[in-house]
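> Turn this into a model:
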Amino acid sequence: MAEVVSVRFRGGAKNYYFDPRGLQAEPGEYLVVETAQGLAYAKCVEGNHEVPDESVVQPLRTVVRTATENDHKAAAYNQKREKEAFGICEQKIAAHGLEMKLVSVECGFEGNKIIFFFTADGRVDFRELVKDLAGVFRARIELRQIGVRDEAKMLGGIGICGRPLCCNQFLDEFIPVSIKMAKTQNLSLNPTKISGACGRLMCCLKYEQAAYEDAASRMPKNESFVDTPDGVGNVSGVDLLQEEVQVRLDASPESPKRYKNSEIRVLRNGKGSREGIEIPKDRPARQSPASGEGQSRFNRRGGTISVSSTLAGDSQEDQEDQRKDRRPGRRSGGKGPKPVKGRSDAPRQRTEKRPERVEKLPARGGVDITAEKKAAADRAARQDGKNVPNFRRSYRRPRGKS
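Model (predicted):
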């Protein structure tokens, strides 16, 4: 076992081991460590602890010291210098007409080296750009071309899930992701739905791939010939999460049915011919219904939840009365169903039966009731001496008048 200290550099999500050399480091404090490029300013994420020798990459670098006040000032000055270098480098890129996008600038802790990270579609000849930058900053200039995934890791952001990007938060290395993973998980193959902020396939497709592969190994493939409790048929759909299959039965191919994986018997896995396949006489057993059948069952009808309870000892008439009382509109105002009262030990009181509904006779055919009422009103108005115009009569202009 080797005693190490875990540190993380600015802008990275990977932890590195360093030899403390007797120094007691606390999580959250800053350290000055020795790297292949010289001294570096890093943050301690885990104090002194022991790890197996196999997980340590030799040679193990050492921790120089705990960051002092001067070290904090030097780190702040380097960050200010990085912002200035970013603007100057963009101006130089535009002046040289180079097709490259500047992503980030990193200044060494000792101030003698500046690294520029950029993205480009192809190779870029930036030799003249390096000369101009070296003349401005009087330091060693290094330009590194990175990919779009590294760009997203450096800049960070929010994914379509609403959380910070995984590569910027905790992923140490990029995971190989393929379109086959999206097909295995029955995801939409629309590139805008399965691509991340970098434009590549999302890294989270790898997280549950092992679980889907394990479920797929136990489930039949599409178009498999299976035997069910209702007869034989072909599999038309597979639900890996619920471990259910949708079967198109030979007896009723227009209405597929869903079965649990334990309720079917695979006669041929995948596409193929049925010739030579012997169908067993005994069909698979249907899985017993879920427990709690005697308890309250909730059924959704018309947007409301109705409770159908079968209490021991209730007669058929009592259950019929309860169902009538639970109909919507029985309460005053007709708002919502009537709540079911709890069962008590007192004897149930019978209520009088409601009178039967009187069926209304249909209206007389061929008679306009509205016209009769209007004619009666006109007759009553004439008797009272009122001048009620008759709009049914057409007005004729007298002869001889213009």
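
> make it CA atoms for all contacts and neighbour counts henceforth
OK.

> The nearest residue to residue 112 once chain neighbours are set aside: neighbouring residues, count only.
Closest residue to residue 112 apart from its sequence neighbours, by CA to CA, 6 or more residues apart in numbering: residue 139 at 5.2 Å. When neighbours are defined as other CA atoms under 10 Å, residue 139 has 14 of them.

> who's in contact with residue 139?
Contacts for residue 139 (CA atoms under 8 Å, 6 or more residues apart in numbering) come out as 111, 112, 113, 114.

> Same list (those) but as JSON lines, adding distance to residue 239 and pLDDT.
Listed next are the contacts of residue 139 as JSON lines, based on distance: CA to CA, whole Å; pLDDT from 0 to 100:
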{"residue": "111", "distance to residue 239": "58", "pLDDT": "85"}
{"residue": "112", "distance to residue 239": "59", "pLDDT": "89"}
{"residue": "113", "distance to residue 239": "56", "pLDDT": "92"}
{"residue": "114", "distance to residue 239": "54", "pLDDT": "93"}
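
> Of those residues, which is the nearest to residue 103?
Using CA to CA, residue 114 comes nearest to residue 103 of the contacts of residue 139, at 13.6 Å.

> so what's that closest one up against?
Contacts of residue 114 by CA under 8 Å, 6+ apart are 105, 106, 107, 108, 139, 140, 141, 142.

> List the contacts of the nearest residue to it once chain neighbours are set aside.
Excluding its sequence neighbours, the residue lying closest to residue 114 (CA to CA, 6+ apart) is residue 107, at 4.5 Å. Residue 107 makes contact with 78, 79, 81, 82, 113, 114, 115 under the criterion CA under 8 Å, 6+ apart.

> Name the helix or strand for the third one, please.
For residue 81, the host element (DSSP states H and E) is helix 69-96.

> try the last one
Under DSSP H and E, the secondary-structure element containing residue 115 is strand 113-119.

> what is the orientation angle of that strand with helix 69-96?
Orientation check (axes from the mean of the first three to the mean of the last three CA atoms, to 10 degrees): strand 113-119 against helix 69-96 gives 50 degrees.

> Give the buried residues for strand 113-119.
With burial defined by 16 or more other CA atoms under 10 Å, the residues of strand 113-119 counted as buried are 113, 114, 115, 116, 117, 118, 119.

> Break this protein down into its domains, please.
Domain assignment for the chain by automatic domain parsing gives 2-67, 74-146, 168-213, 219-268.

> Would you mind finding the longest strand in this structure?
Secondary structure of the chain per DSSP state E: the longest strand is strand 38-51.

> And the next helix or strand past that strand?
With elements assigned by DSSP H and E, the helix or strand that comes after strand 38-51 is strand 63-66.

> Would you pull up how far that following strand lies from the middle of the chain?
In terms of CA atoms, centre = their mean, to the nearest Å, the centre of strand 63-66 is set 45 Å apart from its chain centre.

> Break down the stretch 151-300 of the chain into its strands, ranges please.
With strands called from DSSP state E, counting those that start in this stretch, the stretch 151-300 of the chain shows them at 225-228, 231-239, 244-249, 257-260, 265-268, 297-301.

> Buried residues in the fifth one, which are they?
What it means is strand 265-268. Within strand 265-268, the residues scored as buried using 16+ other CA under 10 Å are 265, 266, 267, 268.

> Quick check: the third one vs residue 261, distance?
Same thing as residue 267. According to CA to CA, to the nearest Å, residue 267 and residue 261 sit 13 Å apart.

> again with the last one
Summarising the geometry, the distance separating residue 268 from residue 261, computed by CA to CA, is 15 Å.

> Low-confidence ranges, the stretch 301-402 of the chain, go.
301-372, 381-402 (pLDDT under 70).

> pLDDT value on the residue nearest to residue 112, please?
The score at residue 139 is 90. That number is its pLDDT.

> okay but residue 33 is in contact with residue 60, surely?
No. Assessed by CA atoms under 8 Å, residue 33 is found out of contact with residue 60, at 11.2 Å.

> overlap in contacts of those two?
The contact sets of residue 33 and residue 60 overlap at residue 18 (CA under 8 Å, 6+ apart).

> More neighbours: which of the two?
Taking other CA under 10 Å, residue 33 and residue 60 do not tie; residue 33 has more neighbours (22 against 14).

> follow-up on the earlier one: generate TSV for the contacts of residue 114, with secondary structure and distance to residue 197 as supplementary columns.
Putting these into TSV (DSSP: H, G, I helix; E, B strand; the rest coil; distance: CA to CA, whole Å) gives the following:
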residue	secondary structure	distance to residue 197
105	strand	21
106	strand	23
107	strand	26
108	coil	29
139	coil	34
140	strand	33
141	strand	29
142	strand	27
